[in-house]
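Participant: Make a model of this:
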Amino acid sequence: MRDLDLTTLRLFIAVCESRSIARAAEQQAIVGSAISKRLAALEDTVGTPLLIRRRHGVEPTPAGETLLEHARALLARAAQIERDMAGYAAGVRGHVRVLATQSAIAESLADDVAAFLKMPAHGDIRIDMEEAVSTQVLRGVREGGASLGICWDAADLRGLHHWPWRGDHLAVVMPPGHTLARRRHLALADTLPFQHVSLPPESAVQVMLQRAAALAGAPINYRVVAATFDAALRVVRSQLAIAILPAELSAPYAEAFGLTVTPLSDAWARRRFAICCRDEHALTPAARLLVAHLVATSRAA
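Facilitator: Numbers count the residues shown, from 1 in each chain. Here you go, the predicted structure:
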């Protein structure tokens with residue numbers, strides 16, 4: 001198959017989204033016949049029809065839907081490349097993209113990265129941090145979408161180079177006056193009779209909690225699903241449910257809102273994070289400097 005043209009892919013996306021060659025032509029400031037010619041050449045290139053012509057417009061075929069998904073991803077990557085190269089043109093001599101879990105970013109990573117960037121020697125380095133669940137972090141690193149990933153070290157790190165980095169302790173967060181708030185020691189099994197607030201099901205915390213509850217022989221009774229730690233803590237504050245969250249992240253809210261935070265006694269509740277990459281030797285100088293800084297701050301902490 002011949003190389004795909006990005007301009008043609010951009011026009012193809014516009015046609016699919018507007019469901020009309022005429023409307024796409026108007027949006028893209030190009031005549032409709034030129035778009036039709038490019039789309040015909042694109043169908044010839046891929047060897048299959050991509051659009052169904054209807055009386056009042058067009059719609060993508062199954063093959064067209066697949067190409068549409070890939071085209072959006074390709075253009076997003078092309079835009080990222082353009083931004084990265086623009087950064088170098090503007091004098092940015094190092095760029096590191098980091099994928100990290102919500103826990104890592106919220107607890108320590110943002111502060112560690114800020115300290116790194118404030119050093120005079122790192123004035124020409126730019127760091128992009130993006131939040132993702134552990135499976136997405138690992139996939140992004142393996143596929144080359146990020147230089148570094150930071151996630152729970154219980155995740156599947158096979159085939160990746162990795163370093164230990166910081167850790168946290170999962171705890172039961174309860175509203176004032178809750179029955180369990182009087183207990184000095186709590187295990188997950190103690191919380192199962194009560195209603196919980198859940199983080200997104202694919203998050204590492206929730207996956208581990210579901211496994212631990214299964215071993216304890218009872219399901220977790222979820223009343224609310226919250227998208228973020230902040231939202232989960234607000235649910236606890238409203239006395240709708242309890243939550244199992246990192247103690248380090250919950251402590252400031254506990255002080256502000258009178259919540260009780262009791263670390264779990266289960267062995268798995270103490271977590272370690274890991275910094276990972278595909279190939280240590282292929283890291284850019286900026287990425288190696290960042291890894292060294294993160295590992296050093298972790299040891300000091």
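Participant: Buried residues in stretch 12-24, which are they?
Facilitator: For stretch 12-24, the neighbour count (16 or more other CB atoms under 10 Å) marks Phe12, Ile13, Ala14, Val15, Cys16, Ser18, Ser20, Ile21, Ala24 as buried. In short, each C-beta sits where N, CA and C put it, glycine included.
Participant: Let me know the distance separating the fourth one from Glu43.
Facilitator: For Val15, the distance to Glu43 under the criterion CB to CB, to the nearest Å works out to 12 Å.
Participant: same deal with the last one?
Facilitator: Between Ala24 and Glu43 the distance is 16 Å, computed by CB to CB.
Participant: and stretch 278-294, how far apart are its ends?
Facilitator: The straight-line separation of the ends of stretch 278-294 (CA to CA, to the nearest Å) is 17 Å.
Participant: Contacts for it next, please.
Facilitator: 93-96, 98, 109, 112-113, 115-116, 122, 125, 127, 141-142, 144, 147-148, 160-161, 163, 165, 275, 277 (CB atoms under 8 Å, 6 or more residues apart in numbering).
Participant: what mean pLDDT does it have?
Facilitator: For stretch 278-294, mean pLDDT rounds to 91.
Participant: Find the nearest non-adjacent residue to the spatially most central residue of the chain, please.
Facilitator: Of all residues in the chain, the one closest to the mean position by CA atoms, centre = their mean is Ala132, 1.3 Å from it. In this structure, Ala132 finds its nearest non-sequential neighbour in Leu99, 5.1 Å apart by CB to CB, 6 or more residues apart in numbering.
Participant: can you pull up the bridge partners for that neighbour?
Facilitator: Glu130, Gly149 (DSSP bridges).
Participant: Quick one: the strands in this protein, in order.
Facilitator: In the chain, the segments counted as strands under DSSP state E are 51-54, 57-60, 94-100, 125-131, 148-152, 161-174, 195-198, 221-225, 242-246, 260-263, 270-277.
Participant: buried ones in the helix or strand of the chain with the lowest mean pLDDT?
Facilitator: When the helices and strands of the chain are scored by mean pLDDT, DSSP states H and E, helix 62-89 comes last with a mean of 82. By neighbour count on 16+ other CB under 10 Å, the buried set for helix 62-89 is Gly64, Leu67, Leu68, Ala71, Leu74, Gly87.
Participant: sorry, back to before: can you tell me which of the contacts of stretch 278-294 are classed as buried?
Facilitator: The neighbour count (16+ other CB under 10 Å) marks 94-96, 98, 109, 112-113, 116, 122, 125, 127, 141, 147-148, 160-161, 163, 165, 275, 277 as buried among those.
Participant: where does this protein dip in pLDDT?
Facilitator: Applying pLDDT under 70 to the chain flags the ranges 1-2, 84, 86-92.
Participant: What separation is there between the residue of the chain positioned farthest from its centre and Phe12?
Facilitator: Distance from the C-alpha centroid of the chain, by CA atoms, centre = their mean, peaks at Arg55 (41.8 Å). Distance of Arg55 to Phe12, computed by CB to CB: 21 Å.
Participant: close enough to count as contact, Ile220 and Leu209?
Facilitator: Yes. Counting by CB atoms under 8 Å, Ile220 does reach Leu209; the two are 6.2 Å apart.
Participant: Between the two, which is the more surrounded one?
Facilitator: Leu209 (24 against 19; other CB atoms under 10 Å).
Participant: Kindly report the domain assignment for the chain.
Facilitator: The chain breaks down into these structural domains: 6-88, 95-159+278-300, 167-271 (assignment by automatic domain parsing).
Participant: on that earlier part again, for the strands of the chain, which one sits closest to Gly32?
Facilitator: Evaluated over the strands of the chain, closeness to Gly32 peaks at strand 57-60, with 11.4 Å, by CB to CB.
Participant: ok, residues contacting the closest one?
Facilitator: Strand 57-60 is contacted from outside by Val15, Cys16, Arg19, Ser20, Ile21, Leu50, Leu51, Ile52, Leu67, Leu68, using CB under 8 Å, 6+ apart.
Participant: Pull it out as CSV, backbone CA atoms only.
Facilitator: Extracted as CSV, the C-alpha positions of strand 57-60 are listed here (Å, rounded to 0.1, in the frame of the first residue of the first chain):
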residue,chain,number,x,y,z
GLY,A,57,-24.9,12.8,2.2
VAL,A,58,-22.3,10.1,3.0
GLU,A,59,-21.5,7.7,5.8
PRO,A,60,-18.4,5.6,6.4
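Participant: Now it: buried residues?
Facilitator: Residues Val58, Pro60 are the ones in strand 57-60 that count as buried (16+ other CB under 10 Å).
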